[in-house]
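> Pasting a predicted model and its sequence here:
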Amino acid sequence: DLAIWIRQGAVDPRSGQAVVNPIEVSARTHWAFQPIQAPAVAPGQHPIDFLIDQQLQTQNFTAAPSADMQTLVRRASFDLLGLPPTPRQLNTTADDFPRLLQELLSSPRYGERWGRHWLDVARYSDAKDGVLMYGDARIRPFAWTYRDYVINAFNNDRPLNQFIREQLAADRLGLPQDAPELAALGLLTLGRMFDRNKHDVIDDQIDVVGRGFLGLTLACARCHDHKFDPIPTADYYSLYGVFANASEPLERPRIGSVTAAGAAFEKEFSEKLQQVRDQELAHYQATLKLARERTVDYLVHVATTQPDVSETAIFFLSLVPDQLRPQITRRWRQTIARRAFPDDPVFGPWHDLLKDPTPRPADWMARGVDSRIISALVSATPKTPAEIATVYGETLKAAWESGASETDPLAALLISRDGPVWFPQEDTTFYLDRTPGDKFRGLVAELDSIAVRHPHAAPRAMV
C-alpha cells in the first residue's frame, strides 16, 4: 500500500509528510511527454518546406532548386514502392502527378515496401537462432503469415489503433477462430528464442512493445528504475506479469482453407501432434506422481537447507532421475514461508516446534490445528528440523494416498492447483530428466519440421 501511495506522489501514511516521487515528477516534465505545440507557418507554404527552410537558413544553407517532373516521379516511385518507375510513369505531367501517387499507393508493392520497415521494428525473420547454441537455427514454418499480415495492413489502410491492438491481443478481440488477423500476434512470438529461457523471451517481448509502440527502452527497467526515461521497475514487472501468463500452443490456429495439396500435411501433423500430447501427458502424470510420493524428501530438504539459485532457474536445467525438481522445492519453500505461523491450521506446529520441540497438543487443538497433524507429531515427538519435516511429509502423503479430495486441507497441498506440487501440463518439459527431456523436445520440434516438408500446408497463425 505504501508503494501505491508513493507512486501517486501523495502523503506517506506513516509520517503524514508529502512524498515526492522523482519518477512521477519526471513523467510529468519529460520533454517527450509534453503536449505538441503547432508551429507558426507562413501562409502559402508547405509546412515541411517552411520548417526545413528555417533550419537551413540558420546554417547559411541554400535549398536546392525544385525537382523537375521526371526526378519527382522517380523519387515517388522509389520512396513508395522501392522500384524504378515505368517509361509510362516517367512521362507523367504535373497535372497528372496526383493520379500517379494514387496509382503507386494502390500497388501491392506499396505494402511490401513500407511493411518491411515495420517488420524491421518487429525483428522479423523466417528462422531464429537459439542464441546460446552457436548458430543453431530454429524453424518458424508459419512466420510468413505475420509478414503477410503486415503487408496487407499497409495495403488495406488498416487504422493504426487497430493495427496495434491486433498485434498485442488479437486472441482477445472476439475474432473467429480462423480469423487471418490472428497472424498479427507474430509480433510477440517471432522474437529470439533464448534457448527456452522464459525470462529473456518475455524481456524481448517487452522490448519490442516499448520501442515499437512507445519509442521507449522499457527493457532497461528489468534491473533498475530507468536512468533516463520515467519508467520504474514496478512498471516493467507489471507488464512482465501479462506476458508470463501467455503461452504458445502446440497447435496453432489455421487461418486458411485446406487444399488438396495441403491435406497430406494436416494428416501427418495431426498424427504427430497426438503422439506429442500422449507423451506429454504420460510425462506429466509420472512427474506429479513422483513429486507427491517424495513429499518427505522435499520437506526435509526445505527444512535443512538454504535456497539454491537453481530453484529459480527455468532453462538449461540438466536434471538426473533422483534429483528433486528445483521448481517444486522453491514452491514448497514459498508455501512454508507463507504459512508457518502460529495461527495456521496445518503449519502452525511447524512454526512452534522449530523454536521449541516440545509438543503442545492442547494448545494446538485450541488453535484449530488439523487433528492428523497433532496426532502424528505427538506420536513421533520429533526433535530436529529433519524429523519435524518427515512427520509432516508422511502425514500429507497419507492424506493424498487415502484418495481425499481438494476439500481436505492436507491432500490439497499435493493435488490442488494452488498447492506447491502442481504445475501446468504445458510446462512438463522443464521438469524432465535430461535424457527424456531432450527426446521429448525433439519430438515437439518435429511438428514444425513437418510443415517445412509440406510447402502447400494451410497457413497457421503464430499466436
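Now that the structure is in, tell me what you want to look at. Residues are numbered from 1 along each chain as shown.
> Identify the residue nearest the geometric centre of the protein.
Phe243 (3.3 Å; C-alpha atoms, centre = their mean).
> for that residue, what are its contacts?
Residues near Phe243 by C-beta atoms under 8 Å, 6 or more residues apart in numbering: Leu188, Ile202, Gln205, Ile206. In short, each C-beta sits where N, CA and C put it, glycine included.
> Arg367 versus that one, what's the distance?
Distance, Phe243 to Arg367, using C-beta to C-beta, to the nearest Å: 42 Å.
> repeat for Leu83
Per C-beta to C-beta, Leu83 is found 80 Å from Arg367.
> and what of Asp207?
50 Å.
> cool, and Glu271?
Note on Glu271: its distance to Arg367, by C-beta to C-beta, is 57 Å.
> between these two, who's got more neighbours?
Comparing Glu271 with Arg367 by neighbour count (other C-beta atoms under 10 Å), the higher total belongs to Arg367, at 15 against 11.
> Quick check: phi and psi on that one?
Dihedral pair for Arg367: phi -90, psi 0, per degrees, to the nearest 10.
> Just give me the neighbour total for the closest residue to it other than its chain neighbours.
What sits nearest to Arg367 in space, not counting adjacent residues and going by C-beta to C-beta, 6 or more residues apart in numbering, is Gly348, at 6.0 Å. Residue neighbour count, defined by other C-beta under 10 Å, stands at 22 for Gly348.
> so what's Gly348 up against?
Shown in contact with Gly348 (C-beta under 8 Å, 6+ apart): Ala340, Phe341, Pro342, Trp364, Arg367, Val369.
> Arg138 - that's part of a helix, no?
No - according to DSSP: H, G, I helix; E, B strand; the rest coil, Arg138 belongs to no helix; its state is strand.
> my read: it touches Asp195, true?
No - in this structure, Arg138 is not within contact of Asp195 by C-beta atoms under 8 Å, at 9.6 Å.
> Next one: Arg277 relative to Glu251, how far apart?
In terms of C-beta to C-beta, Arg277 sits 9 Å off from Glu251.
> Return the distance of the closest residue to Asp225 other than its chain neighbours relative to Leu218.
The shortest distance from Asp225 to any non-neighbouring residue, by C-beta to C-beta, 6+ apart, is to Pro232 (4.8 Å). Taking C-beta to C-beta as the measure, Pro232 falls 11 Å from Leu218.
> got any residues that touch both of these two?
By C-beta under 8 Å, 6+ apart, Pro232 and Leu218 have these common neighbours: His226.
> got any ranges where the stretch 51-200 of the chain has weak pLDDT?
Along the stretch 51-200 of the chain, segments meeting pLDDT under 70 span 129-137.
> at 80 instead, please
Low-confidence segments of the stretch 51-200 of the chain (pLDDT under 80): 127-139, 194-196.
> just the strands in it please.
127-129, 137-139 (DSSP state E, counting those that start in this stretch).
> picking that back up, ok, and the residue nearest to the centre of the chain, which helix or strand is that part of?
helix 233-244 (DSSP states H and E).
> buried ones in that helix?
By neighbour count on 16 or more other C-beta atoms under 10 Å, the buried set for helix 233-244 is Thr233, Asp235, Tyr236, Leu239, Tyr240, Phe243.
> Now tabulate these in TSV and tack on pLDDT and distance to Leu410.
Formatted as TSV, the buried residues of helix 233-244 follow (pLDDT from 0 to 100; distance: C-beta to C-beta, whole Å):
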residue	pLDDT	distance to Leu410
Thr233	93	38
Asp235	92	40
Tyr236	95	39
Leu239	95	38
Tyr240	96	34
Phe243	94	35
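> Now tabulate those in a markdown table and tack on distance to Thr335.
Shown next, in a markdown table, are the buried residues of helix 233-244 (distance: C-beta to C-beta, whole Å):
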| residue | distance to Thr335 |
| --- | --- |
| Thr233 | 26 |
| Asp235 | 29 |
| Tyr236 | 27 |
| Leu239 | 27 |
| Tyr240 | 23 |
| Phe243 | 25 |
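> Determine how far the helix or strand containing Ala451 lies from the middle of the whole chain.
Taking DSSP H and E as the definition, one finds Ala451 inside helix 434-453. Relative to the chain's own centre, helix 434-453 is displaced by 22 Å; criterion: C-alpha atoms, centre = their mean, to the nearest Å.
> Flag every buried residue along that helix.
For helix 434-453, by 16+ other C-beta under 10 Å, it's Gly437, Phe440, Leu447, Ile450, Ala451.
> Give me the helices and strands touching that helix, please.
Counting contacts by 3 or more C-beta pairs under 8 Å, 6 or more residues apart in numbering; DSSP states H and E, helix 434-453 is packed against strand 137-139, helix 263-293.
> Quick one: mean pLDDT over that helix.
What helix 434-453 shows for mean pLDDT is 91.
> Give me the contact list for that helix.
The contact list for helix 434-453 (C-beta under 8 Å, 6+ apart) reads 139-142, 250, 265, 268-269, 272-273, 275-276, 279-280, 283, 318-320, 428-429, 432, 457.
> change it to 6 Å
When contacts are defined by C-beta atoms under 6 Å, 6 or more residues apart in numbering, helix 434-453 is touched by residues Ile139, Pro141, Glu268, Phe269, Lys272, Val276, Gln279, Ser318, Thr429, Ala457.
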